[in-house]
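1. next one to model:
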Amino acid sequence: MERQYEQQAESFLTEHGLSIRMAFKGDRCPPWETGLCTHGDRYRITIKRVTGTSISFDFWNSQADMQTNKRPTAYDVLTCISSDAFSPTDPDEVAEEFGNMRPSQAIAIARFATKLQAFFDEEELEALSEIN
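-> Sure, this is the predicted structure:
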């Protein structure tokens with residue numbers, strides 16, 4: 001079953017002329033963590049078009065994956081950003097939708113959603129949402 005999900009992600013990348021690169025950056029906790037760090041390793045993700053345009057962002061895998069030395073896959077990244085891409089682009093709407101959070105966190109979520117929506121076109125966003 002896991003292989004089927006990976007194939008969906010690889011098909012998405014191929015069909016839309018995209019490649020993905022994941023560079024290990026260490027085990028620093030995400031900036032939104034307060035107290036005990038519950039995330040895994042940090043990676044710098046770059047999704048690049050054959051035309052040369054790209055988008056880069058930080059991605060944290062799970063603690064379980066970190067403990068078993070499992071690197072994130074294209075599927076892990078794409079399913080995560082799929083939900084992020086449909087987040088509101090206004091910080092006030094983010095706070096309203098996701099509940100109580102620091103203003104800086106709502107701003108960061110809104111900015112990332114804006115960045116994703118600018119990089120992916122509507123057809124790509126639709127296809128991204130179908131990876132399950």
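2. list the contacts for the residue nearest the centre of the chain?
-> Residue closest to the average C-alpha location in the chain (CA atoms, centre = their mean): residue 81, at 3.3 Å. Contacts for residue 81 were tallied using CB atoms under 8 Å, 6 or more residues apart in numbering; they are 57, 116, 128. C-beta coordinates here come from the backbone N, C-alpha and C atoms, glycine included.
3. and stretch 16-28, average pLDDT?
-> Here stretch 16-28 scores 92 as its mean pLDDT.
4. now name the helix or strand holding residue 117.
-> If you go by DSSP states H and E, residue 117 is part of helix 103-119.
5. contacts for that helix next, please.
-> By CB under 8 Å, 6+ apart, helix 103-119 touches 31-32, 47, 53, 55, 57, 81, 84-95, 98, 125.
6. also stretch 125-132?
-> So stretch 125-132 is contacted by 5, 8-9, 12, 15-16, 75, 78-79, 81-82, 85-86, 117, 120 (CB under 8 Å, 6+ apart).
7. that older thread, what about the contacts of helix 103-119, which are in helices?
-> Among these, DSSP state H puts 81, 84-85, 91-95, 98, 125 in helices.
8. what residues of the lowest-mean-pLDDT helix or strand in the chain count as buried?
-> Ranking every helix and strand in the chain by mean pLDDT, DSSP states H and E puts helix 63-67 at the bottom, with a mean of 88. Under the neighbour-count criterion of 16 or more other CB atoms under 10 Å, helix 63-67 has 65-66 buried.
9. and it, what does it pack against?
-> Helices and strands touching helix 63-67, by 3 or more CB pairs under 8 Å, 6 or more residues apart in numbering; DSSP states H and E, are strand 39-49.
10. run the chain-centre distance for the strand it packs on.
-> 8 Å (CA atoms, centre = their mean, to the nearest Å).
11. for it, which helices and strands make contact with it?
-> strand 18-26, strand 54-62, helix 63-67.
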